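Asker: quick check, what structure comes out for this input:
(chains A and B)
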Amino acid sequence: MKRYFFTLSILAALFLSISPPTVAQEKFITIASTTSTVNSGLMDAINPLFEKKTGIKVRMLSVGTGQAVRLARDGDVDVLLVHHRPSEDKFVADGHGVKRYDVMYNDFVIVGPEEDPAKIVSVGEARGAMIRIAESKSLFLSRGDDSGTHKRELTLWGMAGIDIAGFSGQWYRETGSGMGATLNAAFAMGAYTLADRGTWLSFRNRAGMAVMVEGDPPLHNPYGIMLVNPAKHPHVKAAMGQQYIDWIVSPQGQAAIAAFTVEGQQLFHPNARQTQGS
Amino acid sequence: MTDIGNAFIQAFELVVGLDPDLAEIVLLSLKVSLLAVFLATAIGLPLGAAVALFRFPGRGGVIVLLNALMGLPPVVVGLVVYLTLSRAGPLGVFGLLFTPTAMIIAQVLLVTPIIAALTRQVIEDLWSEYEEQLRSLGAGPARAVPALLWDGRYTLLTTVLAGFGRASAEVGAVMMVGGNIDHVTRVMTTAIALEVSKGDLALALGLGVILIVLSGTVNAAAFMLKEAAIRKHG
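Answerer: Residues are numbered from 1 along each chain as shown, chains lettered A, B, ... in the order given. Here you go, the predicted structure:
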């Protein structure tokens, strides 16, 4: 019987050791954000400064913008940090969020195989590049996952006057997965895809791929942050969530964003103060 | 080829360097999966034995159902648990979404049918072998349960290990209900998925190597316990 007592006490110890994080002793907030801010390493770089200053731990969920908005709408997170302005404005207008703040921006890039089969490098702007890809029926991978990047890509096809849904499964392929998985697939197939610069620069598996089109205004990619409305979800940690928002738009938070680099390149450009108080 | 070679180097470096983040992830993986398997065993063994020994209407249907549930897709279990635990769901008030508890709940749902279905088969076989003998001793199905579970303990250990294999290897459910939050709900499989999405395939595979070694260690420990028990008790 001693043996069983021993086994049981190990299991009891496991139970006890697992309970602390579930009973909220620790002060923390949960933020739903996108793969571009989390997987690029930005959040790992700046959040410790906030945690040190306030003692509030930040738990990051890294999902597509569509899913992040859904999580926030259901009240499963305290703060939403995403990059699709129409969704953000609707979120606030519908009363799910309190107020939207500008935080930072970066840009999207069209990446593809270095051989550039559709010859889009010389085009130099997004709309024309999309038209050339469609005309040459070059492989293009779409996220197809309702993320901010996916929504932007659909906007670009719309600008080019191409009804993209008709080509799905032919040269236009929807991976239905995250930016990283889509880049891996694009790399394997020699396809073009739209990526946010943050994920692209911090992505490790990109030999043979290069940026084809960048710096065009339709590729501008702003991020907004908002508190989930405590009037709709009373359990939302409104005070701590607002503390985080106030911090990230403060000079200290903005400086931390600007200081974050990957391979010597700045990934995100803070722009909070330009529109504060609006 | 270079990635595969690098994977072993990275795995080796992580283990030798006693990377604290890795230790935390490994420990959480073990905690979640071991607890889930323990709870699933506590439910699955009696359930499987009961279905094996008692005759009731719809028993055939229950057996088919248990066997079919062994193939439950983790991502579907994850989705159901997610919708249940979400603040907008029926159990939302407990705030369990994105905690290790949510991951354990999902894994219990995945592992219990495996343990119950395999236990049912093991106990039914033993019962058909010993039924006459047990009945002559005056033991009906109800009283035979503990004796048969004890008699089948070594086979049942394999059943439990199959359950552990399922729990420690699945990624779909824990990703969805745990959220892969650093230092809170990140386990081996979700960490691997994350590194793949960052394009760091060598590190991802390195973590995979460690996960396989870990699973091997748990199984080896179970094997040695069993051997020791056989030597002692016969």
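Asker: how about the closest residue to chain A within chain B: what's its closest non-neighbour residue?
Answerer: Taking Cβ to the nearest Cβ, chain A has its nearest neighbour within chain B at residue B:197, 3.0 Å off. For glycine as for every other residue, the C-beta is placed from the backbone atoms N, C-alpha and C. Spatial nearest neighbour of residue B:197, chain neighbours left out: residue A:180 (3.0 Å); criterion: Cβ to Cβ, 6 or more residues apart in numbering or on different chains.
Asker: give me the neighbour count for that neighbour.
Answerer: 24 (other Cβ atoms under 10 Å in any protein chain shown).
Asker: how about the residue of the stretch 151-278 of chain A found nearest chain B, what does it touch?
Answerer: Nearest to chain B, among the residues of the stretch 151-278 of chain A, is residue A:180, at 3.0 Å (Cβ to the nearest Cβ). Residue A:180 is in contact with A:35, A:39, A:199, A:203, B:196, B:197, B:198, B:199, counting by Cβ atoms under 8 Å, 6 or more residues apart in numbering or on different chains.
Asker: do residue A:260 as well
Answerer: The contact partners of residue A:260, taken as Cβ under 8 Å, 6+ apart, are A:41, A:42, A:45, A:46, A:266, A:267, A:268.
Asker: and the pLDDT at it?
Answerer: If you check residue A:260, the pLDDT there is 95.
Asker: same thing with residue A:15?
Answerer: In this model, residue A:15 carries a pLDDT of 62.
Asker: what values do phi and psi take at residue A:103?
Answerer: Here the main-chain torsion angles of residue A:103 (degrees, to the nearest 10) amount to phi -120, psi -50.
Asker: that one and residue A:269 touch, don't they?
Answerer: No. Residue A:103 is beyond contact range of residue A:269, at 10.2 Å (criterion: Cβ atoms under 8 Å).
Asker: more neighbours, the two?
Answerer: Neighbours of residue A:103 and residue A:269, each counted by other Cβ under 10 Å, are more numerous for residue A:103; the result is 23 against 13.
Asker: so residue A:29 touches residue A:244, yeah?
Answerer: Yes. Using Cβ under 8 Å, residue A:29 is in contact with residue A:244, at 6.0 Å.
Asker: where do the contact lists of the two overlap?
Answerer: By Cβ under 8 Å, 6+ apart, the residues touching both residue A:29 and residue A:244 are A:56, A:58, A:79.
Asker: in chain B, which ranges drop under the pLDDT threshold?
Answerer: B:1, B:234 (pLDDT under 70).
Asker: show me which residues of it sit near chain A.
Answerer: Neighbours of chain A within chain B, by Cβ under 8 Å from any Cβ of the partner chain: B:31-32, B:34-35, B:38, B:86-88, B:92, B:95-101, B:104, B:179-182, B:184, B:194, B:196-201.
Asker: buried residues, stretch A:125-145. List them.
Answerer: Neighbour-count burial for stretch A:125-145 flags A:126-127, A:129-134, A:138-145 (criterion: 16 or more other Cβ atoms under 10 Å in any protein chain shown).
Asker: which residues touch the one helix or strand residue B:157 maps to?
Answerer: Here residue B:157 sits within helix B:153-169, counting by DSSP states H and E. Under the contact criterion Cβ under 8 Å, 6+ apart, helix B:153-169 has outside partners B:29, B:32-34, B:36-37, B:40-41, B:44-45, B:107, B:110-111, B:114-115, B:118-119, B:122, B:149, B:188-189, B:211, B:214-215, B:218-219, B:222, B:226, B:230.
Asker: pull out the buried positions in that helix.
Answerer: Buried residues in helix B:153-169 (16+ other Cβ under 10 Å): B:156, B:159, B:160, B:161, B:162, B:163, B:164, B:165, B:166, B:167, B:168.
Asker: show me the shaky parts of chain A.
Answerer: In chain A (pLDDT under 70), the answer is A:1-25, A:273-278.
Asker: and the helices in it?
Answerer: In chain A, the segments counted as helices under DSSP state H are A:2-18, A:35-38, A:42-54, A:65-73, A:85-93, A:126-135, A:148-159, A:179-189, A:197-202, A:238-248, A:251-259.
Asker: with only the CA atoms kept, save the fourth one in PDB.
Answerer: Coordinates of each C-alpha in helix A:65-73 appear next as PDB, following Å, rounded to 0.1, in the frame of the first residue of the first chain:
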ATOM      1  CA  THR A  65      -7.500  39.800 -36.100                       C
ATOM      2  CA  GLY A  66     -10.800  38.100 -36.800                       C
ATOM      3  CA  GLN A  67     -10.400  35.700 -33.900                       C
ATOM      4  CA  ALA A  68      -9.000  38.400 -31.600                       C
ATOM      5  CA  VAL A  69     -12.100  40.600 -32.200                       C
ATOM      6  CA  ARG A  70     -14.300  37.600 -31.500                       C
ATOM      7  CA  LEU A  71     -12.400  36.900 -28.200                       C
ATOM      8  CA  ALA A  72     -12.800  40.500 -27.100                       C
ATOM      9  CA  ARG A  73     -16.500  40.600 -28.100                       C
END
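Asker: for residue 145, which non-adjacent residue is closest in space?
Answerer: All of this refers to chain A. residue A:64 (5.1 Å).
Asker: the chain in question should be chain B.
Answerer: That would be residue B:49: by Cβ to Cβ, 6+ apart, it lies 5.0 Å from residue B:145.
Asker: the one you found contacts residue B:149, doesn't it?
Answerer: Yes. Here residue B:49 reaches residue B:149: they are 6.0 Å apart, a contact under Cβ under 8 Å.
Asker: can you report how many residues lie near the residue nearest to residue B:32 when sequence neighbours are not counted?
Answerer: Once flanking residues are discounted, residue B:32 sits nearest to residue B:103: 5.0 Å by Cβ to Cβ, 6+ apart. Applying other Cβ under 10 Å, we find 32 residues neighbouring residue B:103.
Asker: check residue A:261 too.
Answerer: Residue A:261: 13 neighbours (other Cβ under 10 Å).
Asker: hey, what's it bridged with?
Answerer: Beta-bridge partners recorded for residue A:261 (DSSP bridges): residue A:266.
Asker: that one contacts residue A:269, correct?
Answerer: No. Under the criterion of Cβ under 8 Å, residue A:261 is not in contact with residue A:269, lying 11.8 Å apart.
Asker: inside strands: which ones of the shared contacts of residue A:29 and residue A:244?
Answerer: Among the shared contacts of residue A:29 and residue A:244, DSSP state E puts A:58, A:79 in strands.
Asker: so which of the shared contacts of residue A:29 and residue A:244 wins on neighbours?
Answerer: residue A:79 (25 neighbours).
Asker: which ones are touching that one?
Answerer: Contacts of residue A:79 (Cβ under 8 Å, 6+ apart): A:29, A:30, A:31, A:32, A:72, A:225, A:226, A:227, A:228, A:241, A:244, A:245.
Asker: distance of the residue positioned nearest the centre of chain A from residue A:163?
Answerer: A centroid search over chain A (Cα atoms, centre = their mean) returns residue A:34, at 2.2 Å, as the residue closest to the centre. Residue A:34 sits 27 Å away from residue A:163, going by Cβ to Cβ, to the nearest Å.
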